[in-house]
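*Asks:* Just a sequence and a predicted model for now, questions to come.
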Amino acid sequence: MSSLSRELVFLILQFLDEEKFKETVHKLEQESGFYFNMKYFEDQVQAGEWDEVERYLGGFTKVEDNRYSMKIFFEIRKQKYLEALDRHDRAKAVEILVKDLKVFASFNEELFKEITQLLTLENFRQNEQLSKYGDTKSARNIMLMELKKLIEANPLFRDKLTFPPFKASRLRTLINQSLNWQHQLCKNPRPNPDIKTLFADHSCAAPTNGARAPPPNNGPLVGPIPKSGAFPPIGAHSPFQPVVSPSASAIAGWMTNANQSLPHAAVAQGPPGLVQPSGTAAFLKHPRTPTSTPGMDYQTADSEHFKRMRTGPSDEVSFAGASHPPNIYSQDDLPRTVVRTLNQGSNVMSLDFHPVQQTFLLVGTNVGDIGIWEVGSRERIAHKTFKVWDVSSCSLPLQAALMKDATISVNRCLWSPDGAILGVAFSKHIVQTYAFIPNGELRQQLEIDAHLGGVNDIAFSHPNKSLSIITCGDDKTIKVWDAATGQRQYMFEGHEAPVYSVCPHYKESIQFIFSTAVDGKIKAWLYDCLGSRVDYDAPGHWCTAMSYSADGTRLFSCGTSKDGDSHLVEWNETEGAIKRTYSGFRKRSLGVVQFDTTRNRFLAAGDEFMIKFWDMDSTSILTTTDADGGLPASPRLRFNREGSLLAVTTSDNGIKILANTDGQRLLRMLESRAFEGSRGPSQQINTKPPLVNALGAVSSVSSPLAATPERPDRVLPAVSMGSMAPMENNRMVDVKPRISDDADKIKSWKLAEIGDSAHLKTLRLPDSMTTTSKIVRLLYTNSGLAVLALASNAIHKLWKWQRTERNPSGKSTASVVPQLWQPSNGILMTNETNDSNPEEANACIALSKNDSYVMSASGGKVSLFNMMTFKVMTTFMPPPPAATFLAFHPQDNNIIAIGMEDSTIQIYNVRVDEVKTKLKGHQKKITGLAFSQLLNVLVSSGADAQLCVWSIDGWEKKKSRFIQAPASRASPLVGDTKVQFHNDQAHLLVVHESQLAIYDSKLECLRSWFPRDALPAPISSAIYSCDSLFVYAGFCDGAVGVFEVDGLRLCCRIAPSAYISPSITSAGTVYPMVIAAHPSEPNQFALGMSDGAVHVVEPSDAEPKWGAPPPQDNGAHPSISNSALTTNQASEAPPR
């Protein structure tokens, strides 16, 4: 192929990329073999699209071409094989071995045999060469780095890895120049030539009056090629109309700015030859002002058929890969299992999950009520019936409407972005907002007489730095209000029908609002009161709602026509045109179909008495569920933020909660106990007021929290509302407390003090090593099948439980004795030490998510051990300073936060053996580290009793605070301080020998407990249970306390005599130095003792859950007085 032909291919590739023909672009790259798009190749590898990876590579090289190519294909096929083995898909692995890998046997038969032998291993990581294999994501990334080096070194890819630099829309420019030249050659050039086709040369027809038109002035007929527009777009008046690049103030995507292409030029309203000026809308059917830009355009006979106009984004070509990541999810990620059914009592009109507390569900009904449910406990924690707060300030039309018909419905309710405020739009005039107080209280904030008629939608945005409320209504307007004062900031007029919905958004600091009306018109507005920038038709021409994907990159709309035809579509933002229409709706939908998006991957809509799911990248239905029946024809639905829960309305005035595996795990962890602490199943919620008067004191039937209902500082637990008593009638009128009989009470509370081994199950793990070195670190494996201890002599011990008839799951239990496990070579996992007294060295340990390797240190270098072979894979970080705490990055196992003895925190990349950054903020050694993915932070604690919060993105320090000393201790505190995040990733457990405390994300202390009374000794260790409902704490006198997280209230004290042999206790004080919680059994924990023993502890079979303290009127119990457990052991509010 000639050089010019090759360049033409590049021009076509650029054209296709600018036109968003993504699949065609990559097909042409592969077929021509001129340009290898490394970005596209990387995306396909990271997504595991192996067939496409090999197909794309096949356009540039074959397996047998050279040694580089052979190595490339081998690495890809080997990765595919290992992933199949990791999924335990033996059949697929064998297929890959035979079809894909056997070709390499002739080149290296020994290697092929070794690969084949991996099939015989339970875990291929037992092979020493593969022992460092981590999870799939990290393995793909490591392989990709190798592939890129091989591709760059492969001579067949020479000159194919860089796209030649030339200006954007070059092909269009050449065509435009050709048309100018053809027009100049016309015998009778007309001032406004009529271009009908590109398939033949242009020639102007002779004038009918015989006069010759004047030649064009000053060069090109269509004016200068616009510098930033790249190519004059095919438009309403001309296939090659010049367009001046609009300003950055236009709506992003649908209105050009410096970084966005202009998809739809305006239809010129002035005389021929005039074009839209800078700053106009991307596509307008009804432009607001005529234009005066000099130049001439080509008139087309069928101009109305040209609806789409495009310009390029900049001078330089941008030839990136796919805009959206390929699908890396499966149907299992969809919440389809019904896990909760809630009875609202009236027809649910609107739903919204809290953005932070992801099990809090806001609900609005057709009778004007709003409620907040904690779906884990099935409790309605707040409820408000509709009333006008200030009738005197209402407009006369509203007063008249209420006098005529007092019924009112919630049209929309939703949370603000931070969950601190909720807004409610009603069917008559009014918008109300409430402040959501963390103790569950709703405080009236604003009442706005917003619109004449119904308020159809409400949204929150930040057009300036402060929060604003956006509303729309039957009066055909959109209004923006200050969320703090209620003052109107903007009003947008231009719709010719009631406005149905609003969708605020921003792109590259440009804030705008999409609105839809019941006549099917879509408009877009900037916060400038200059009128609509967009006027477009939604499919169906009736009620349509719009929504962005969670990452803000993809825009969808869903609506239903008056005839019942429903349309779910994705919009091409850069064109304002429909990019994809999703199929699968019934011919006549009964009602307006509602929809939602989740995880930047899935769409869901309620139709045909079921929920239908789509993958965003596929127009066909992915799957459906009827949620076990009982759904209305067009149910309303809403995902929580993580996409693990889905709320859907039912035909009997209820709500069903569907969950995926993550959601089910979340609810199991957050499942609340009954009011009196029996932790039985939640009772049915009804709409009757609490029977407080009939039953006497609420404290007699409720959790201990009810004993202090007047405390304003009590903070609502992040997990569950199950232990809340009905303390405030105005917000708890729905909850009917469960009343147990006396026998139930005695059974629930008899274990408040455990002093005998008969009242629990405890097992001292067998240990053949005759050492008394204390246990300094202890953890369960993530699978729950083993316990790993690190002793002060730097030796690790691993106990594994076997699957037996008594223990079919093979999980750790106090009922079955495990094996002190060692590999067949008999070696020990032993850390390097670098101290004359290793017993006193700081020890730290962290386990990988898949239990394949453990990272550990005991004052010397940090060692990485293979958990299968106990072999040291690598060592790093030689002291000084010594490592004192280790934590894996939650998203990348190759990144580790390492707390150091010199008070710094080092962010270390294991794979490249490099310290990325050092964090400085503590004065003493680091003793605790905890990541929160939700907050995107790392929290550190030190022996200086200080807490620091670091941003994961840039590792800058966001906040710091010293923990507060109890009244009995001098300030400032010193000593080891540990931190652990609650399962909600927002609340923090802080442990110091002087206290247990719960902090929020702003490092405000919400609740604290200090050793006293029944548990007077210093705290040695503490940890959340796996469901975050308990805190297990060990004390230096050997006692163990079980605390309710909700109020840090002691609900069970385990005396040393209950789990330690009398012969051991007689020799001196033995106490738990460290405590570990089972990863999936919330009532099991393990204790690492000062004498080197490890105990596994569980409640007895007779009472499978840890007991709760008695109510104040229940009488005394053996060993511990009422005052010791109920009054004195209550947690304290943080000092202010």
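*Replies:* It's in. Residues are numbered from 1 along each chain as shown.
*Asks:* mind checking the SS state of the residue most central in space within the chain?
*Replies:* In the chain, the centroid-proximal residue (Cα atoms, centre = their mean) is residue 642; its distance is 4.4 Å. The local conformation at residue 642, judged by DSSP: H, G, I helix; E, B strand; the rest coil, is coil.
*Asks:* All the strands of the stretch 901-1050 of the chain, residue numbers only.
*Replies:* Using DSSP state E, counting those that start in this stretch, the strands of the stretch 901-1050 of the chain run over 904-909, 914-920, 926-932, 937-942, 946-951, 957-962, 977-981, 988-992, 995-999, 1005-1009, 1019-1024, 1030-1035, 1040-1044, 1049-1054.
*Asks:* so how far is stretch 858-869 off the chain centroid?
*Replies:* 33 Å (Cα atoms, centre = their mean, to the nearest Å).
*Asks:* Does the closest residue in space to residue 929 that isn't next to it in sequence fall in a helix, a strand, or a coil region?
*Replies:* Using Cβ to Cβ, 6 or more residues apart in numbering and skipping the chain neighbours, the partner closest in space to residue 929 is residue 887 (4.0 Å). Yep, even glycine has a C-beta here, placed from its N, CA and C like the rest. Following three-state DSSP, the label given to residue 887 is strand.
*Asks:* do residue 60 as well
*Replies:* Taking three-state DSSP, the label given to residue 60 is coil.
*Asks:* from what I can see it touches residue 34, true?
*Replies:* No. Under the criterion of Cβ atoms under 8 Å, residue 60 makes no contact with residue 34, lying 9.5 Å away.
*Asks:* and for the two, which residues touch both?
*Replies:* residue 160 (Cβ atoms under 8 Å, 6 or more residues apart in numbering).
*Asks:* about what we covered before: for the residue nearest to residue 929, give its distance to residue 930.
*Replies:* From residue 887 across to residue 930, the span is 7 Å (Cβ to Cβ, to the nearest Å).
*Asks:* what residues do these two have in common as contacts?
*Replies:* residue 938.
*Asks:* Can you identify the element that follows the helix or strand containing residue 624 toward the C-terminus?
*Replies:* For residue 624, the enclosing helix or strand under DSSP states H and E is strand 621-625. Remark: after strand 621-625, the chain's next helix or strand is strand 637-639, criterion DSSP H and E.
*Asks:* so how far is that following strand off the chain centroid?
*Replies:* So, by Cα atoms, centre = their mean, the centroid of strand 637-639 is 15 Å from its chain's centroid.
*Asks:* what packs against the helix or strand hosting residue 91?
*Replies:* Taking DSSP H and E as the definition, one finds residue 91 inside helix 90-96. Counting contacts by 3 or more Cβ pairs under 8 Å, 6 or more residues apart in numbering; DSSP states H and E, helix 90-96 is packed against helix 67-86.
*Asks:* Point out the other helices and strands that the helix it packs on packs with.
*Replies:* Packed next to helix 67-86, using 3+ Cβ pairs under 8 Å, 6+ apart, are helix 50-57, helix 90-96, helix 136-153.
*Asks:* before we move on, the earlier item: I'd guessed the residue nearest to residue 929 sits against residue 932; true?
*Replies:* No. With contact defined as Cβ under 8 Å, residue 887 does not count as touching residue 932 (11.3 Å).
*Asks:* Now list whatever residues contact both of these two.
*Replies:* Residues touching both residue 887 and residue 932 by Cβ under 8 Å, 6+ apart: residue 938.
*Asks:* Figure out the helix or strand that residue 177 lives in.
*Replies:* Applying DSSP H and E, one finds residue 177 within helix 170-184.
*Asks:* Low-confidence regions, the stretch 101-250 of the chain specifically.
*Replies:* Within the stretch 101-250 of the chain, the stretches with pLDDT under 70 are 192, 194, 206-250.
*Asks:* sorry, back to before: and the strand holding residue 624, which strands flank it?
*Replies:* According to DSSP bridges, strand 621-625 has the following sheet partners: strand 610-615 (antiparallel).
*Asks:* okay, now residue 538: neighbour count?
*Replies:* Residues within reach of residue 538, counting by other Cβ atoms under 10 Å, total 25.
*Asks:* Phi, psi for residue 365 please.
*Replies:* For residue 365, the backbone dihedrals (degrees, to the nearest 10) come out as phi -120, psi 170.
*Asks:* I'd like to know how far it sits from residue 633.
*Replies:* 18 Å.
*Asks:* neighbour-wise, which of the two wins?
*Replies:* residue 365 (21 against 15).
*Asks:* Buried residues in stretch 423-431, which are they?
*Replies:* Across stretch 423-431, burial judged by 16 or more other Cβ atoms under 10 Å covers 423-431.
*Asks:* Now do it: everything it contacts.
*Replies:* So stretch 423-431 is contacted by 364, 368, 370, 386, 388, 394-395, 397-398, 401-402, 408-414, 416, 432-434, 446-458, 460, 469, 471, 481 (Cβ under 8 Å, 6+ apart).
*Asks:* So for it, mean pLDDT?
*Replies:* Averaging pLDDT along stretch 423-431 gives 95.
*Asks:* Can you show me the CA trace of it as PDB?
*Replies:* The C-alpha coordinates for stretch 423-431 follow below in PDB (Å, rounded to 0.1, in the frame of the first residue of the first chain):
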ATOM      1  CA  GLY A 423     -36.100  17.100  50.800                       C
ATOM      2  CA  VAL A 424     -39.700  16.400  50.100                       C
ATOM      3  CA  ALA A 425     -41.800  17.600  47.100                       C
ATOM      4  CA  PHE A 426     -45.500  17.400  47.500                       C
ATOM      5  CA  SER A 427     -48.400  17.300  45.100                       C
ATOM      6  CA  LYS A 428     -49.600  20.800  46.200                       C
ATOM      7  CA  HIS A 429     -47.300  23.800  46.000                       C
ATOM      8  CA  ILE A 430     -45.000  22.800  48.900                       C
ATOM      9  CA  VAL A 431     -41.400  21.700  49.400                       C
END
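*Asks:* distance between that stretch and the chain's centre?
*Replies:* Put simply, stretch 423-431 sits 30 Å off its chain's centre (Cα atoms, centre = their mean).
*Asks:* Other residues contacting the helix or strand encompassing residue 857?
*Replies:* Using DSSP H and E, residue 857 sits in strand 853-858. Residues outside strand 853-858 that contact it (Cβ under 8 Å, 6+ apart): 131-132, 777, 788, 790, 792, 794, 796, 829, 831-833, 838, 841-848, 862-867, 873, 877, 882-883, 886, 888, 896.
*Asks:* now do stretch 884-902
*Replies:* 134-135, 138, 842, 844-846, 848-849, 855-857, 862, 877, 879-883, 905-911, 916, 925-931, 933, 938, 940, 942, 952.
*Asks:* what's the answer for stretch 1069-1078, then?
*Replies:* Contacts of stretch 1069-1078 (Cβ under 8 Å, 6+ apart): 774-780, 784, 787, 811-812, 1017, 1020-1026, 1032-1038, 1040, 1056, 1060, 1064, 1084-1091, 1093, 1095.
*Asks:* Can you mark which positions in stretch 332-349 are buried?
*Replies:* Neighbour-count burial for stretch 332-349 flags 333-349 (criterion: 16+ other Cβ under 10 Å).
*Asks:* ditto for stretch 446-459
*Replies:* For stretch 446-459, by 16+ other Cβ under 10 Å, it's 446-459.
*Asks:* Buried ones among the contacts of stretch 884-902?
*Replies:* Among these, those classed as buried by 16+ other Cβ under 10 Å are 134, 138, 842, 844-846, 848, 855-857, 862, 877, 879, 881-883, 905-908, 910, 925-931, 938, 940, 942, 952.
*Asks:* tell me which residues of the helix or strand that residue 115 is a member of are tucked away?
*Replies:* Per DSSP H and E, residue 115 falls inside helix 109-117. The neighbour-count check on helix 109-117 (16+ other Cβ under 10 Å) flags 112, 115-116 as buried.
*Asks:* Tell me, please, the helix or strand in the chain that averages the lowest pLDDT.
*Replies:* Counting by mean pLDDT, DSSP states H and E, the weakest-scoring helix or strand in the chain turns out to be helix 692-695, with a mean of 31.
*Asks:* correct me, but residue 768 touches residue 820?
*Replies:* Yes. Counting by Cβ under 8 Å, residue 768 touches residue 820, with 6.1 Å between them.
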